[in-house]
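S.K.: A structural model of the following input is requested.
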Amino acid sequence: MEREAMEFDIVIVGGGPAGLSAAISLKQQSPALSVCLLEKGAEVGAHLLSGALLDPVALEELLPDSWQQAPLGVAVSDDRVHLLQNERRALQLPDWAVPPRMHNDGCHIISLGNLCRWLGKQAEALGVEIYPGFAASELILEEGKIRGVITGDLGLDRDGNPKADHVPGMALYGRYTLFAEGARGHLGKQLIKEFNLENGPQPQHYAIGFKELWQVPAGQSHPGRVLHGSGWPLNEDGGNKSQGGFYLYHLADNQVAVGLIVDLNYQNPWLSPFDEFQRLKHHPLIAQTLEGGERISYGARAIAKGGWHSLPRMHFPGGLLIGCDAGTLDFSRIKGIHTAMKSGMLAASTVAMSLHGGDEGGRDLAEFGDALQQSWLASELKTARNFGAALHRWGPWLGGAFNWLEQRLFSKSTNGSPLTLLDKEPDYRQLRLASRCQPILYPKPDGKLSFDKLSSVYLANTSHDEDQPCHLKLQDASIPVTVNLPTWAEPAQRYCPAGVFEIVEAEPLATQSQPRLQINAANCIHCKTCDIKDPSQNIVWTPPQGGSGPNYPNM
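M.R.: Numbers count the residues shown, from 1 in each chain. Modelled structure (predicted):
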């Protein structure tokens, strides 16, 4: 197929905090460089979802003269941590009992989407060419080097045939390509395999994070208040391992953001992270803020939370992995915006310096690894490297106590404690047989605090052309029914937060009919949980037609 081609000095895939910070930093250091940034959402910020608490350290470093003009939301003024003991009771931890890294002094409650919309304008003012609505679908690999990416075709029907409005994808070539797709990036996953980048002592670990934005009655919101916690309802899943935590952030204008993070190493295949989140909102600690309010937005997104021990090698011939595409989030702080931004800035400095030195492109920029090791980003992640493994090994009480003690004793060390804890089992291998686990009967949603999946997807403003190829690929179409259904009761029906996967039972009078998996791809909100948690690793998430997917306002 003949494709239009364009040449740039640097191509950046992804318009999140890592990609935009890299683009801005590149133009700051080398205004003459041509920089192109691709964003698969309809606009910068459309697909971005985060709690979100911002540590402004990287933003101030990136834009020292103008960072305070960014949409910084509300400064944190009241910081609390609770343990939910059951469906009625909550225990507030005194400040001294909260691990130091969970304190949020100097942070801001923001909308990540709005921050990146603002960063996009700063990038464009510097001359960065931003192309929203274009999904990078393929790698351009030549002679063992990344030369760029190909954007997805527009105007294909569900069978992959060109329609009347068909436009072939473009080939975008760069001397270097930076991949900033976010957690479980489609191309990042391929790069890790192609260049054997997975060299950490443990695999990457993930969680699914939910968020709802609510408009609440006057007097029920306290701007600047931050609540975090763990415990119920995740400790009531029939005795099987499931962990995570909730957040409730009080914004301006009588709005609050509420969410639940569920670690994807959970064991009970009957667990539904979405329904656990709906249950959470009925706890009095949460309900007292939400009651009488209106839910105005909903979303969910995978979170790469393995930390330092799970980082892949981030450099390879012709490119770099940055931000959550590599997994730079600091889960001990429940923050990843500042770390993603710093990784993009380090990438920009590495690329600019190399090109200034006469580099023609295509090298393996191993010096990026050195720059990372010498940065505050590495120090922060090293210090927190045992956080997740401690919780996975010993649970929230003993694991939390270990983390508190480790942070108290070694908070001033750039490498943290001398101990090393690892979690070597991938999340998808954790599921037990459905027959050995207790099914979970979730209450029906009341339409006031709790809701169903379809009404939630509606609030995500997700949009896909029905007549386009299904972007959720099955490597073997028989596995969902022949393997996953009898073994794990096909958990895709429950771990998907958007009702994409549905087992359709056999017709009662049919002689040879059997259950089948129906994929409602138009519901997809691009969380990528299916790509991570499928126990057979049979589902592959690929980008749909550019511009498709959720459209998150103020999220």
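
S.K.: for the chain, what helix or strand is lowest in average pLDDT?
M.R.: Counting by mean pLDDT, DSSP states H and E, the chain has its least confident helix or strand at helix 387-410, which shows a mean of 81.

S.K.: which parts of it are buried?
M.R.: 387-392, 396, 399-400, 402-404, 406-407, 410 (16 or more other CB atoms under 10 Å). All C-beta spots, glycine's among them, are computed from the backbone N, C-alpha and C.

S.K.: and these, which is closest to residue 517?
M.R.: Nearest to residue 517 among these, counting by CB to CB, is residue 392 at 30.0 Å.

S.K.: how close does that closest one sit to residue 109?
M.R.: For residue 392, the distance to residue 109 (CB to CB, to the nearest Å) stands at 28 Å.

S.K.: give me the contacts around the least confident helix or strand of the chain.
M.R.: Residues outside helix 387-410 that contact it (CB atoms under 8 Å, 6 or more residues apart in numbering): 83, 97-101, 202, 205, 230-231, 235, 243, 263, 265, 305-307, 309, 331-332, 383, 386, 416-417, 419, 421-423.

S.K.: try it again with 6 Å
M.R.: Applying CB atoms under 6 Å, 6 or more residues apart in numbering, the set of residues contacting helix 387-410 from outside is 99-101, 230, 243, 305, 331-332, 416-417, 421-423.

S.K.: and stretch 301-310, by the same measure?
M.R.: By CB under 6 Å, 6+ apart, stretch 301-310 touches 49, 183-184, 200-202, 204-209, 324, 327, 329, 331, 381-382, 385, 388, 527-529, 532.

S.K.: buried among these? Make that a ChimeraX selection.
M.R.: The buried subset of these, as determined by 16+ other CB under 10 Å, is captured in ChimeraX by this line:
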select :49,183,184,200,202,204,205,206,207,208,209,324,327,329,331,381,382,385,388,527,528,529,532
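
S.K.: and the contacts of stretch 301-310, which of them are in strands?
M.R.: Among those, the members found in strands (DSSP state E) are 206-209.

S.K.: shaky segments in the stretch 201-350 of the chain?
M.R.: Scanning the stretch 201-350 of the chain for pLDDT under 70 picks out 237-241.

S.K.: show me where it has its helices.
M.R.: Here the stretch 201-350 of the chain has its helices, by DSSP state H, counting those that start in this stretch, at 273-280, 284-290, 337-356.

S.K.: would a markdown table of those helices with mean neighbour count and distance to residue 216 be doable?
M.R.: Converted to a markdown table, these look like this (neighbours: other CB atoms under 10 Å; distance: least, CB to CB, whole Å):
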| stretch | mean neighbour count | distance to residue 216 |
| --- | --- | --- |
| helix 273-280 | 24 | 16 |
| helix 284-290 | 17 | 6 |
| helix 337-356 | 25 | 25 |
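
S.K.: how many residues are close by the residue nearest to residue 293 when sequence neighbours are not counted?
M.R.: Closest residue to residue 293 apart from its sequence neighbours, by CB to CB, 6 or more residues apart in numbering: residue 216 at 3.7 Å. Here the number of neighbours of residue 216 (other CB atoms under 10 Å) works out to 19.

S.K.: and the contacts of helix 387-410, which are buried?
M.R.: Counted by 16+ other CB under 10 Å, the contacts of helix 387-410 give 99, 101, 230, 243, 305, 331-332, 416-417, 421-423 as buried.

S.K.: looking at these, which one is closest to residue 6?
M.R.: Closest approach to residue 6 among the buried ones among the contacts of helix 387-410 (CB to CB): residue 305, at 36.0 Å.

S.K.: how much space separates the closest one from residue 392?
M.R.: Computed with CB to CB, the distance linking residue 305 and residue 392 is 10 Å.

S.K.: try residue 253
M.R.: According to CB to CB, residue 253 and residue 392 sit 38 Å apart.

S.K.: again, but for residue 499
M.R.: According to CB to CB, residue 499 and residue 392 sit 29 Å apart.

S.K.: now do residue 264
M.R.: Per CB to CB, residue 264 is found 11 Å from residue 392.

S.K.: buried ones in stretch 183-194, by neighbour count?
M.R.: Buried residues in stretch 183-194, defined by neighbour count with 16+ other CB under 10 Å: 183-189, 191-192.

S.K.: dump those residues into JSON lines; add distance to residue 22 and pLDDT as well.
M.R.: Formatted as JSON lines, those follow (distance: CB to CB, whole Å; pLDDT from 0 to 100):
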{"residue": "183", "distance to residue 22": "17", "pLDDT": "97"}
{"residue": "184", "distance to residue 22": "20", "pLDDT": "97"}
{"residue": "185", "distance to residue 22": "14", "pLDDT": "96"}
{"residue": "186", "distance to residue 22": "19", "pLDDT": "96"}
{"residue": "187", "distance to residue 22": "16", "pLDDT": "98"}
{"residue": "188", "distance to residue 22": "14", "pLDDT": "97"}
{"residue": "189", "distance to residue 22": "20", "pLDDT": "97"}
{"residue": "191", "distance to residue 22": "16", "pLDDT": "98"}
{"residue": "192", "distance to residue 22": "19", "pLDDT": "97"}
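
S.K.: number of nearby residues for residue 94?
M.R.: Quick note: residue 94 (other CB under 10 Å) scores 7 neighbours.
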